[in-house]
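K.L.:
build me a model from this:
(one chain, ligands or ions: 1)
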Amino acid sequence: MNISPVLHVKDCHVAIRDEPIVSDVAFDIDRGSITALVGHNGAGKSTLMKAVIGTIEKKEGKISINGFDQDVDFKDYKYQFSYIPEEPLLLNELTVFQHFQLYQKSYDISDAVFIERINAYTEGFELMDKLDDYPESLSKGMRQKAQTICALLPEVPLLLIDEPFMGLDVYAGAYLEKLLRQRREEGASILLTTHQLDKVHELADHFVMLKNGMISSAGRIDHFEYLDRKST
Ligand SMILES: Nc1ncnc2c1ncn2[C@@H]1O[C@H](COP(=O)(O)OP(=O)(O)OP(=O)(O)O)[C@@H](O)[C@H]1O
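P.N.:
Here you go, the predicted structure:
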């Protein structure tokens, strides 16, 4: 049985313009589990997430997914995850459906799976009548739904989600939660950031808490305690 972690982060340091933002961070994520990355505003959660994705270069350390090293096998590495950013990153020139097609091509998703998922997810997120719309004519929540569907189209081992419930209405939030639980059942791993601490308890199996760019505590969710004040 393969018991190596899906995501392995070791001695990770990230600096922005020489300012240390993430320092000496190390943690693993196991197969079929949800990990919540928590911490105050500015703790470094999004920066760490971006370092994992590769849009911010780490200064030091090692990050691997499913054994693929970010610095050695980036092409294989990037097929191991999909990402939902905190703010939707949609292209003005493409309709919602064209974004889905872009993901289909990028992740080499078969037509049958693609159509089945588009039907299910656009119905679940109530986006069926928006397929031919361009992002600028969508509300922020609708853009977030479109971006979420994009990331859910491929069956990747690791889903990285920055604030998954931000901007989603209560129905869409509940539907996404159901999908995330389903993905975990199927063996996928999920790393998500959230400020909704009730969700952390409900949904996550493990937590990693950042404080000033460093891990202040981490472990199983039954050991998770509410955040201290930032200064303590
Ligand atoms: N592009 C940037 N240029 C300069 N500093 C940045 C940049 N991006 C982030 N930072 C700084 O890095 C630190 C961590 O920011 P980050 O967005 O990672 O925090 P966060 O934990 O995700 O916060 P939040 O909960 O508010 O989303 C902050 O001090 C922030 O000001």
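
K.L.:
what's the weakest-modelled helix or strand in the chain?
P.N.:
In the chain, no helix or strand scores lower on mean pLDDT, DSSP states H and E than helix 197-203, which sits at a mean of 86.

K.L.:
and it, what does it pack against?
P.N.:
Under the contact criterion of 3 or more CB pairs under 8 Å, 6 or more residues apart in numbering; DSSP states H and E, helix 197-203 touches strand 34-38, helix 170-185. Where C-beta positions appear, they are placed from N, C-alpha and C, glycine not excepted.

K.L.:
and residue 207, what's its pLDDT?
P.N.:
At residue 207, the pLDDT value in this model is 95.

K.L.:
which residues touch it?
P.N.:
35-38, 200, 217-219, 221, 224 (CB atoms under 8 Å, 6 or more residues apart in numbering).

K.L.:
and for residue 27?
P.N.:
9, 35, 208, 215, 218.

K.L.:
what about the spatially closest residue to residue 135 that is not a sequence neighbour, distance to the ligand?
P.N.:
Using CB to CB, 6 or more residues apart in numbering and skipping residues adjacent in sequence, the residue nearest residue 135 is residue 90, 4.1 Å away. Distance of residue 90 to the ligand, given as CB to the nearest ligand atom, to the nearest Å: 20 Å.

K.L.:
same question for residue 20.
P.N.:
Distance from residue 20 to the ligand, by CB to the nearest ligand atom: 9 Å.

K.L.:
wait, is that residue part of a strand?
P.N.:
Yes - counting by DSSP: H, G, I helix; E, B strand; the rest coil, residue 20 is part of a strand.

K.L.:
on that earlier part again, which pair in the contacts of residue 27 spans the largest distance?
P.N.:
Within the contacts of residue 27, two members stand farthest from each other by CB to CB: 35 and 215, at 12.0 Å.

K.L.:
quickly list what's touching both of those two.
P.N.:
27, 208.

K.L.:
which of the two has more neighbours?
P.N.:
Counted by other CB atoms under 10 Å, residue 35 and residue 215 do not tie: residue 35 has more neighbours, with 23 against 20.

K.L.:
got a list of what the more buried one touches?
P.N.:
27, 29, 189-192, 204-208.

K.L.:
10 Å instead?
P.N.:
6-7, 27-29, 189-192, 200, 204-208, 218, 221 (CB atoms under 10 Å, 6 or more residues apart in numbering).

K.L.:
partners of it in the sheet?
P.N.:
With DSSP bridges applied, residue 35 shows beta-bridge pairing to residue 191, residue 206.

K.L.:
mark which of the contacts of residue 35 are buried, thanks.
P.N.:
Buried subset of the contacts of residue 35 (neighbour count, 16 or more other CB atoms under 10 Å): 6-7, 27-29, 189-192, 200, 204-208, 218, 221.
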